[in-house]
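Chemist: From the sequence below, what's the structure:
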Amino acid sequence: MDTMAWHNRYINSISNAGLRLTIEFKRRDLLWKSPQPIINPHTGSEVSLPLRLSETVSVSPNVLDILKREPALIEIEIEMSVLGGTKQTLKQTVEKLVWHLRAPQEFFPKREEECSEEHSLSKSLSTGGTVIGEEGGFIAVNKRSSVSINSLVYRLAVGMKGSDAEATRYIGELAADAWERDNERAVKLYKLVIKAKEGYVLDEEIPKALKASASVGQTVESAVLRSACLWLGIDPNAPLKRQRGRPKTRSRDEEDNATNAGEVIELTLQADETVTGRLIADFQGLVKNTNLATLTLSKLAEMLVALRDRELVIDAQLLEAYLEAVDEDWRAKVAQEIGLEDNNEEKTNPWTVLGLDPGASIEEVKAAYRKIMRHIHPDTSGMPRWYAQIVNDAYRKIMEEFEDVSR
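Modeler: Next comes the predicted model:
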């Protein structure tokens, strides 16, 4: 099968989010085919993946969903010299980052009521599409997807291609190609993990070529900018010369590390391709030199909105890049961390959602609503739309209570 044959038509759909644009396109995905049925923890019934939603549409975890990277306690052997010059092998337990397959139960939501009407799988660990064939133990599907890019990068693409339609098509093709390469990388990583005798592979033993070095959006932006350089007659591979008196971006003892900084955020791409970040200025009550790794996802998301509010574009892009690098599912996890994903009475109580005590004035309600929506609006924060809908519903219910009282 020609893996590029499905690229022929793209959805010319653009969502304008100010500094960034979201472009929809079609791409190929690889759904996991379970070698044997797995047990639905809520019903006890056997489920074979992928699930068939219709004659042509299937849903299942994809090749990226079934892989998990997390810390684990590993027993290693250390050879030590003892008295008399003899060698002795000791066993020591250390914490290491490992790759392994997710447990089948993780593909289902924690509570049965969280299952969608269409299927029983977790929304964050499953995807669906139109089946086009089978490839090496996976089901290949076509699906709609989207990529977020800087609006200035998009304007460059329009300038090069001559129209919005051609620029959108071009970016869609780049994004689809990037996803295809990511699928190939993930399949190789999957095969490496399932062949491991211990059931896991140490992260430090994974070849660099199998680790993601950038998000799909970053890959697309880089490709457009390189093309724009050529279009303008600039060699994108030409070495950069540092101007006299300008500070270096690398220290001598960090020649293998690349550092980028804005006014508040500094990110460093380490030699092992992991990303670290810190504050280079006091911000939102956090002091200079705070390590981003010490902050919760919800705090980082709050900082991202604040950076956008203050139009600190570079810092916002750096923080978003950091979030994408450390956890591709950060948006869904932020919503879960905040707690509104739990559908219980306390957390869906409209007053609790807005952070108010019953009896607050109508002015306080409106102020709280405006403040929250400014931080979680899906067009500016990257948060899921259902999260904003919960806040909207809470505000509507409280305002209806005020109307009932005034009648």
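
Chemist: burial count for Glu363?
Modeler: For Glu363, the neighbour count with other Cβ atoms under 10 Å is 8. C-beta here means a position set from N, CA and C on the backbone, and glycine is covered the same way.

Chemist: where does Glu266 land in three-state SS?
Modeler: Counting by DSSP: H, G, I helix; E, B strand; the rest coil, the backbone at Glu266 sits in strand.

Chemist: okay, now the nearest residue to it once chain neighbours are set aside: neighbour count?
Modeler: Nearest non-adjacent residue to Glu266, counting by Cβ to Cβ, 6 or more residues apart in numbering: Ile280, 4.7 Å away. The tally of other residues near Ile280 (other Cβ under 10 Å) stands at 16.

Chemist: Ok, Ala165 next?
Modeler: Residues near Ala165, counting by other Cβ under 10 Å: 12.

Chemist: Would you mind measuring from the residue nearest to Glu266 to Leu323?
Modeler: Relative to Leu323, Ile280 is positioned 18 Å away (Cβ to Cβ, to the nearest Å).

Chemist: buried set for the lengthiest helix in the chain?
Modeler: Longest helix of the chain, by residue count under DSSP state H: helix 164-194. Neighbour counts over helix 164-194 (16 or more other Cβ atoms under 10 Å) mark 167-180, 182-183, 185-187, 189-190, 192-193 as buried.

Chemist: re the thing from before, list the contacts of the residue nearest to Glu266.
Modeler: 261, 263-266, 288-289 (Cβ atoms under 8 Å, 6 or more residues apart in numbering).

Chemist: Okay, helices next: where are they in this structure?
Modeler: Under DSSP H, the chain gives helices at 151-161, 164-194, 216-231, 297-309, 313-326, 330-338, 345-348, 350-353, 362-376, 378-381, 385-406.

Chemist: is it possible to export those to TSV including mean pLDDT?
Modeler: TSV is the format used below for those (pLDDT from 0 to 100):
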stretch	mean pLDDT
helix 151-161	90
helix 164-194	92
helix 216-231	89
helix 297-309	79
helix 313-326	85
helix 330-338	65
helix 345-348	50
helix 350-353	79
helix 362-376	77
helix 378-381	53
helix 385-406	74
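
Chemist: So which of those is nearest Thr56?
Modeler: helix 164-194 (20.0 Å; Cβ to Cβ).

Chemist: ok, the residue nearest to Glu266 to Ile39 distance?
Modeler: 50 Å.

Chemist: Could you do Val201 as well?
Modeler: For Val201 relative to Ile39 (Cβ to Cβ), the value is 26 Å.

Chemist: Show me which of these two is the more surrounded one.
Modeler: Val201 (19 against 13).

Chemist: For the more buried one, give me its contacts.
Modeler: 98-100, 192-193.

Chemist: how about those residues, which pair is most distant?
Modeler: Of all pairs in these, the most separated under Cβ to Cβ is Val98 and Leu192 at 12.1 Å.

Chemist: quick revisit: how big is the angle separating the longest helix of the chain from helix 151-161?
Modeler: 120 degrees (axes from the mean of the first three to the mean of the last three Cα atoms, to 10 degrees).

Chemist: what helices or strands is helix 164-194 leaning on?
Modeler: Under the contact definition 3 or more Cβ pairs under 8 Å, 6 or more residues apart in numbering; DSSP states H and E, helix 164-194 sits against strand 13-17, strand 20-32, strand 67-81, strand 87-101, strand 138-150, helix 151-161, strand 200-202, helix 216-231.

Chemist: about what we covered before: with the contacts of Ile280 in mind, which one is nearest to Ser48?
Modeler: Ile265 (46.0 Å).

Chemist: tell me the centre residue of the chain?
Modeler: Nearest to the mean C-alpha position of the chain, by Cα atoms, centre = their mean, lies Glu328 at 2.0 Å.

Chemist: any idea of the pLDDT on that residue?
Modeler: Per-residue pLDDT puts Glu328 at 73.

Chemist: and the gap between Val158 and Thr219?
Modeler: 19 Å.

Chemist: Neighbour count for those two, which is higher?
Modeler: The neighbour count for Val158 versus Thr219, taken as other Cβ under 10 Å, is higher for Thr219 (20 against 16).

Chemist: Quick check: Glu70 vs Val98, distance?
Modeler: When Glu70 is compared with Val98 (using Cβ to Cβ), they lie 7 Å apart.

Chemist: If anything else comes up later, I'll come back, but that's it for now.
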